[in-house]
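In: whatever this is, show me its structure:
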Amino acid sequence: MSLPPVEIPLGAMRFNSDSQKLEYWMGSAWMQIQTFSPNLDGGARGVFMGFSVPNGDSQISYITIPTQGNTVDFGSRTISGVGANLSSRTRGLAAQDTAPAFVNTIDFITLSSTGNATDFGDRTIQTSRARGCSNQTRGMWAGGFGPSPNVRNQIDFVTIAATGNAIDFGDLTGNREAPSGNVNSPTRAIWTGGDSAGDGSYQNNIDFITIATTGNAQDFADLTIGRGIAAGLSSATRGLIGTGQVSPATTSATIDFLTIPTTGNAQDFGDCTIARYGRGSTTDCIRGVFAGGNGPALTNIMDYVNISTQGDAVDFGDFHNVTGRLEGGCSTGHGGLG
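Out: Numbers count the residues shown, from 1 in each chain. Here you go, the predicted model:
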């Protein structure tokens with residue numbers, strides 16, 4: 001008697017010994033998510049492009065994600081200020097600057113080679129406080145705050161490997177200043193929370209798009225609490241959203257998590273070592289690192305979690321300077337998970 005076929009859970013992971021790739025189950029096929037290789041400095045490199053202290057700094061810094069320690073100088077952006085970071089596994093991009101100097105500048109670096117950033121092109125709009133997501137091919141920025149109308153819902157995108165100007169992708173489900181980004185799988189990008197009116201009206205919305213198909217975002221579900229200026233990071237199947245402001249006078253240390261392939265409300269993961277907003281974030285799909293932040297005081301603290309295991313963050317090391325705000329990060333080990 002033959003046995004019934006085994007149902008594979010959505011998001012299940014396996015290592016393909018033939019291709020030497022890690023894959024996950026999309027419901028109808030296995031998708032490659034990461035190539036493990038003995039890369040930079042003994043492990044994946046996480047890079048932070050620009051920060052505010054509080055009026056903007058062009059410095060780019062990096063860490064080796066599997067090894068706790070302090071940041072190391074990488075180079076400088078083409079402009080001074082915090083940038084919304086995203087990346088493939090080889091190229092990191094940062095877009096825009098901090099208000100009141102609204103710009104649409106995009107610059108890029110080659111993650112494996114320290115040095116200064118180079119001009120990539122321009123976004124379709126001038127904003128600050130947008131956030132990025134990416135897969136290995138396409139990078140997107142969403143939301144933000146800019147010249148009138150102030151709070152934005154636009155999403156635009158670039159092809160990461162080809163320099164040039166961004167193109168319109170669609171819209172978020174509502175206006176969002178400072179949503180969290182950098183939560184994505186090879187096929188899906190997710191933005192969470194943000195300020196809907198520019199006055200501390202922080203939302204608990206979670207939006208998602210299918211990266212390969214231009215169009216408007218759809219509702220995913222809700223965070224455990226409304227928050228803005230939070231930090232996002234992910235593996236291919238699990239997204240984490242950490243810290244942020246829950247009101248203009250209150251910051252949070254809470255980390256939420258969600259399952260990227262399956263719509264549904266976020267759940268409690270644990271806490272960061274410090275309550276701040278505007279933290280940077282980077283990951284190698286195994287370890288997630290949160291860095292810096294503001295409120296009530298600037299900090300250079302970095303802490304980390306293991307993405308697959310719920311619990312509180314522990315100390316990673318120090319950012320080279322106290323930071324007012326970072327916006328995501330780049331990584332050779334996550335890099336859009338293409």
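
In: which residue ranges form the strands in the stretch 201-338 of the chain?
Out: Here the stretch 201-338 of the chain has its strands, by DSSP state E, counting those that start in this stretch, at 205-210, 218-222, 231-234, 238-247, 250-259, 267-271, 280-283, 287-291, 299-306, 314-323, 330-331.

In: tell me the strands beside the third one, with direction?
Out: The sheet places strand 231-234 alongside strand 238-247 (antiparallel), with pairing taken from DSSP bridges.

In: may I have the partner strand as CSV, with CA atoms only?
Out: Output of strand 238-247 as CSV, limited to C-alpha atoms (Å, rounded to 0.1, in the frame of the first residue of the first chain):
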residue,chain,number,x,y,z
ARG,A,238,10.5,35.7,9.1
GLY,A,239,10.4,39.5,9.5
LEU,A,240,11.3,41.4,12.7
ILE,A,241,10.2,44.9,13.5
GLY,A,242,12.1,46.4,16.4
THR,A,243,11.8,49.5,18.7
GLY,A,244,10.4,52.8,17.4
GLN,A,245,8.1,55.6,18.6
VAL,A,246,4.6,54.6,19.8
SER,A,247,3.8,58.3,20.6
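
In: thinking again about what came up before, in a markdown table: the strands of the stretch 201-338 of the chain, plus distance to Thr159, mean pLDDT and mean neighbour count.
Out: Backbone N, C-alpha and C define where each C-beta goes, glycine included. As requested, these are exported to a markdown table (distance: least, CB to CB, whole Å; pLDDT from 0 to 100; neighbours: other CB atoms under 10 Å):
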| stretch | distance to Thr159 | mean pLDDT | mean neighbour count |
| --- | --- | --- | --- |
| strand 205-210 | 16 | 98 | 23 |
| strand 218-222 | 23 | 98 | 17 |
| strand 231-234 | 21 | 96 | 30 |
| strand 238-247 | 23 | 96 | 26 |
| strand 250-259 | 27 | 97 | 22 |
| strand 267-271 | 33 | 98 | 17 |
| strand 280-283 | 22 | 94 | 30 |
| strand 287-291 | 26 | 96 | 28 |
| strand 299-306 | 31 | 95 | 21 |
| strand 314-323 | 30 | 87 | 18 |
| strand 330-331 | 16 | 92 | 31 |
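
In: just put those in TSV and tack on distance to Ser87.
Out: Output for these, formatted as TSV (distance: least, CB to CB, whole Å):
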stretch	distance to Ser87
strand 205-210	18
strand 218-222	23
strand 231-234	12
strand 238-247	16
strand 250-259	21
strand 267-271	23
strand 280-283	9
strand 287-291	14
strand 299-306	18
strand 314-323	19
strand 330-331	4
